[in-house]
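Undergrad: Below: sequence and its predicted model.
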Amino acid sequence: MSGNSKVHHGVPAKSLTVLKPQKLGRHHHKIPQFIKETTNKNPRLMADYFVRNYRISLELSKLDVQEAHKKVPDCIYRSPMGKVGFSIDRALLTEALECYYGGTIVPSQDAPPISTSEQRMRNRLGLDLTYIFARALLSGETFGELERYENDYEESSWEYVAEFEYISHLTESRSSIFIHLDTELVDELTSRLAGPQPTRLTGNPVDHIKHLPVRLDCVIAAAQLPLSQVLGLQVNDILMMRPLDRYEVRINQQKLFRGTVFEEDGALFLTSLESVKTQ
């Protein structure tokens, strides 16, 4: 085989772009940037929630939106627009739990298994923070009513996961909140970002063409001058023009009709149209 080979050997698989059929023809790539832009407009939405409800002062350190990885969300909620997953690091979860019940000592990372209180707190945080996340994306609207979804026989297909990393001013530790978006929800967000769909026209296409707007130009006078005289024209110069006997009506510089102009009640009208025969 001669020439340059189109097969590149030794290229790491991770460096190759894998095309996903469900994303072809859709603007899924706009979702991560849109999430980042809306968060940058008001980066303290979630932090203010923790201050208001749990007296925890947080500062947003990093926002990262990636394609969903193998991490499974702790809570899954179903909405009319699709499924949302929620996860929160154990350190921030226990800090919220302790502050909510009036504690002052934050547990260490080596905590016992998740308790019932922590599960209830995680579910409460998941609902509240998901609503905040949705309102930021949809300019005050939400994904609709969220209900806890538990189905061991159905595997959810997650498209993107947004990681909000916060620094706690109390413990100076870093903890993350993860919000997962499934394929159905991403499709709905993508369609909203694309704007309203154009109205499909029905019926005979020829009839639609007949209703297209066309610009008519009526040439009342015309003159032919040498280029030197045109270049020598100055502001406020006066050109002697003679009106045409029959005014030309043009469409896109093409002569179509000839006619005459008359005035009535201060308005000009074009009449006596006759077709211009083209060679």
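TA: Looks like it came in fine. Note that this is a predicted model, so its numbers are computed, not measured.

Undergrad: CA atoms for contacts and neighbours, from now on please.
TA: Will do.

Undergrad: so F269 touches F262, yeah?
TA: Yes. The pair F269 / F262 is scored as a contact, 5.4 Å apart, by C-alpha atoms under 8 Å.

Undergrad: Name the residues contacting each of these two.
TA: Between them, F269 and F262 have no joint contacts when contacts are counted by C-alpha atoms under 8 Å, 6 or more residues apart in numbering.

Undergrad: where in this structure is pLDDT low?
TA: Across the chain, the stretches falling below the confidence threshold (pLDDT under 70) are 1-28, 103-112, 152, 195-199, 201, 278-279.

Undergrad: domains of it?
TA: For the chain, the domain assignment from automatic domain parsing gives the residue ranges 22-193, 208-275.

Undergrad: and the end-to-end length of stretch 155-174?
TA: Distance across stretch 155-174, first residue to last, is 30 Å (C-alpha to C-alpha, to the nearest Å).

Undergrad: Name all residues that make contact with K41.
TA: With contact taken as C-alpha under 8 Å, 6+ apart, K41 is in contact with no other residue.

Undergrad: That one and S61: what is the separation?
TA: Per C-alpha to C-alpha, K41 is found 15 Å from S61.

Undergrad: repeat for L268
TA: With C-alpha to C-alpha as the criterion, L268 and S61 are 68 Å apart.

Undergrad: neighbour count winner among these two?
TA: Set L268 next to S61 and count neighbours by other C-alpha atoms under 10 Å: S61 wins out with 14 against 10.

Undergrad: buried residues in the helix with the most length in the chain?
TA: Longest helix in the chain by number of residues (criterion: DSSP state H): helix 116-137. Of the residues in helix 116-137, 118, 121-123, 125-127, 129-133, 136-137 count as buried by neighbour count, 16 or more other C-alpha atoms under 10 Å.

Undergrad: One more: stretch 29-49?
TA: Buried positions in stretch 29-49, judged by neighbour count with 16+ other C-alpha under 10 Å: 31-32, 34-36, 39, 43, 46-49.

Undergrad: got it, and stretch 268-279?
TA: Judged by neighbour count (16+ other C-alpha under 10 Å), stretch 268-279 contains these buried residues: L273.

Undergrad: Got the phi and psi for T190?
TA: phi -60, psi -40 (degrees, to the nearest 10).

Undergrad: Not including adjacent chain positions, what is the nearest residue to A223?
TA: Excluding the flanking residues, the one nearest A223 by C-alpha to C-alpha, 6 or more residues apart in numbering is M241, at 6.7 Å.
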